[in-house]
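Q: curious how this folds, go ahead:
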Amino acid sequence: MQPKLIIFDFDGTLADTTATILRTYHRTIDELHAEERTDAELRATIGFPLKEGFRHLYPGYTDAQLDECVVTYRRIFNEYKKELVPQLFPGVVETLDKLAMDGMVMTIASSRSRESLIEFCEATGIAKYFSLILGANDVVRSKPDPAPVLQTLAELRCKADECIVVGDMPVDIAMGRGAGCHCVGVSYGNSSRAGLTAAGADIVIDTMAELPPYCGEI
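A: Numbering: from 1, shown residues only. The predicted structure is shown next:
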């Protein structure tokens, strides 16, 4: 069946936000005098809601301590966000242009807060391509739960087998799989080809430009 809808992740899929996330994490950890974590450990939390990310990093923390981490992270992010605007990955704008011209409906489902997600989409000039943008606070349950995809399908009245979910992390693939959608992993983000394949990706692409041809093959 010809796909009609593509649901994109944002961080690590459309935009290279890794440096932004790592810098904010490190500043937060320093300010809270928490035990330092490596870049690899921090990268492994990308894709989860912020509180869950800190829970993975500090499993012994109480809810109150995790909430303090989240509040501090968001405050630091807001203080530095003008210098932390991410860059789009190569080929993203050209691919979105082509998909839009082909009549594809496109949306975003991200674990990033809605405020920063909208700001980044507008700052990078891609907000105009998306019919729906869902951040972490727009859904009842976040990735890897399929809720963001199911909500998108319901709002846009689209069937799961007409939808492709595109992401760079196993949680993106699990979200799409749980909703019954086709899933595409991107190898240039924060996970690996092996990790995405193991999560159930139908295909893993190395550049965004490979996505339109795949859409025509389903």
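Q: so where's the chain uncertain?
A: Along the chain, segments meeting pLDDT under 70 span 1.
Q: check contacts around the residue lying farthest from the centre of the chain.
A: Distance to the chain centre peaks in the chain at His33, reaching 28.2 Å (criterion: Cα atoms, centre = their mean). With Cβ atoms under 8 Å, 6 or more residues apart in numbering as the criterion, no residue contacts His33. Every C-beta, even on glycine, is put in place using the N, C-alpha and C of the backbone.
Q: and it, how far from Asp97?
A: 47 Å (Cβ to Cβ, to the nearest Å).
Q: quick check on the residue farthest from the centre of the chain: phi, psi?
A: phi 50, psi 40 (degrees, to the nearest 10).
Q: for stretch 9-21, which positions count as buried?
A: Residues 9-18, 20-21 are the ones in stretch 9-21 that count as buried (16 or more other Cβ atoms under 10 Å).
Q: Leu134: what's it in contact with?
A: Listed by Cβ under 8 Å, 6+ apart, the contact set of Leu134 reads 107-110, 114, 148, 151-152.
Q: mind putting those into CSV with neighbour count, secondary structure and distance to Pro86?
A: Listed next are those as CSV, based on neighbours: other Cβ atoms under 10 Å; DSSP: H, G, I helix; E, B strand; the rest coil; distance: Cβ to Cβ, whole Å:
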residue, neighbour count, secondary structure, distance to Pro86
Thr107, 24, strand, 19
Ile108, 27, strand, 14
Ala109, 30, strand, 18
Ser110, 30, coil, 12
Arg114, 15, helix, 16
Pro148, 30, helix, 21
Gln151, 19, helix, 25
Thr152, 24, helix, 23
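Q: nearest to Ser192 among those residues?
A: Using Cβ to Cβ, Ser110 comes nearest to Ser192 of these, at 20.5 Å.
Q: that closest one against Ser116, yeah?
A: No - if you go by Cβ atoms under 8 Å, Ser110 and Ser116 don't touch, sitting 9.3 Å apart.
Q: can you tell me which of the buried residues of stretch 9-21 are in strands?
A: The strands, defined by DSSP state E, take in 15-16 from the buried residues of stretch 9-21.
Q: biggest helix in the chain by residues?
A: Ranked by number of residues, the top helix in the chain under DSSP state H is helix 63-80.
Q: and the helix or strand that that one is followed by, what does it pack onto?
A: Next helix or strand after helix 63-80 toward the C-terminus (DSSP states H and E): strand 87-88. With contacts taken as 3 or more Cβ pairs under 8 Å, 6 or more residues apart in numbering; DSSP states H and E, strand 87-88 sits against strand 15-16.
Q: which outside residues touch the strand it packs on?
A: Applying Cβ under 8 Å, 6+ apart, the set of residues contacting strand 15-16 is 86-89, 92, 120, 124.
Q: try it again at 6 Å.
A: With contact meaning Cβ atoms under 6 Å, 6 or more residues apart in numbering, strand 15-16 is reached by 86-89.
Q: just name the closest of those to Lys128, please.
A: Distance to Lys128, by Cβ to Cβ, is smallest for Leu88 among the contacts of strand 15-16, at 13.5 Å.
Q: for Thr24, what are its contacts?
A: With Cβ under 6 Å, 6+ apart, Thr24 has these contacts: 73, 76-77.
Q: take these and write them to JSON lines, including neighbour count and distance to Arg55.
A: What follows is those, written out as JSON lines (neighbours: other Cβ atoms under 10 Å; distance: Cβ to Cβ, whole Å):
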{"residue": "Tyr73", "neighbour count": "22", "distance to Arg55": "13"}
{"residue": "Ile76", "neighbour count": "19", "distance to Arg55": "19"}
{"residue": "Phe77", "neighbour count": "22", "distance to Arg55": "18"}
